[in-house]
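S.K.: quick one, what's the 3D model for this:
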Amino acid sequence: MNTQIKTAFYWLLLGICFLTHTLLHMYGLFYGADISLPDATGEVSLGVQAFNTVIFTVTFLMALLSVNLSSKGFRWFSLVWASLFLLLNLFHLGATAFVEAFDLSQVCLLTFVLAVNVLLVATLFYRKNETKTSN
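M.R.: Numbers count the residues shown, from 1 in each chain. From the prediction side, this is the model:
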């Protein structure tokens, strides 16, 4: 498969997984759980809005751009961004598995997210090296 298409697919898959992760957090509502944060005021803070924009919108944007851009600068940015996501996903999986209340569905999903993220970074790294040797 073309590495550019594969990269876009991985970004898209990560975005879908992030949405699924959020949906799984809300499942407690069906069972009567209070899922609101302890200090919730009813308004979403600007910081949370910015974080959600980066996590969701930029992930889908990266999928779109990966299909349409192939410059060296974009490939480097994509590799760095995917590596930062990998660290975020690694720490989040650890927190979900060992710090927060254990949730099997979240641990399984976050393990899958980590695997997809590793494949994304490996694909981007291989693509970076592939273009370096072909020049």
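S.K.: hey, where'd the helices end up in the chain?
M.R.: 3-26, 46-52, 59-68, 72-98, 104-134 (DSSP state H).
S.K.: in a markdown table, list those helices along with distance to residue 35, mean pLDDT and mean neighbour count.
M.R.: To be clear about C-beta, it is placed using only N, CA and C from the backbone, and glycine gets the same treatment. Output for those, formatted as a markdown table (distance: least, Cβ to Cβ, whole Å; pLDDT from 0 to 100; neighbours: other Cβ atoms under 10 Å):
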| stretch | distance to residue 35 | mean pLDDT | mean neighbour count |
| --- | --- | --- | --- |
| helix 3-26 | 6 | 96 | 17 |
| helix 46-52 | 15 | 95 | 10 |
| helix 59-68 | 23 | 97 | 17 |
| helix 72-98 | 15 | 96 | 15 |
| helix 104-134 | 13 | 88 | 15 |
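S.K.: these into a markdown table, with extra columns for distance to residue 37?
M.R.: What follows is the helices of the chain, written out as a markdown table (distance: least, Cβ to Cβ, whole Å):
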| stretch | distance to residue 37 |
| --- | --- |
| helix 3-26 | 11 |
| helix 46-52 | 10 |
| helix 59-68 | 23 |
| helix 72-98 | 15 |
| helix 104-134 | 17 |
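S.K.: ok, how many other residues are close to residue 37?
M.R.: Close neighbours of residue 37, defined as other Cβ atoms under 10 Å, add up to 8.
S.K.: what's it sitting at in phi/psi?
M.R.: With angles defined as degrees, to the nearest 10, residue 37 sits at phi -70, psi 150.
S.K.: quick one: residue 96 from residue 1, how far?
M.R.: Distance, residue 96 to residue 1, by Cβ to Cβ, to the nearest Å: 31 Å.
S.K.: meant to ask about residue 117
M.R.: Going from residue 117 to residue 1 by Cβ to Cβ gives 18 Å.
S.K.: just residue 115 next, same as before
M.R.: Distance, residue 115 to residue 1, by Cβ to Cβ: 17 Å.
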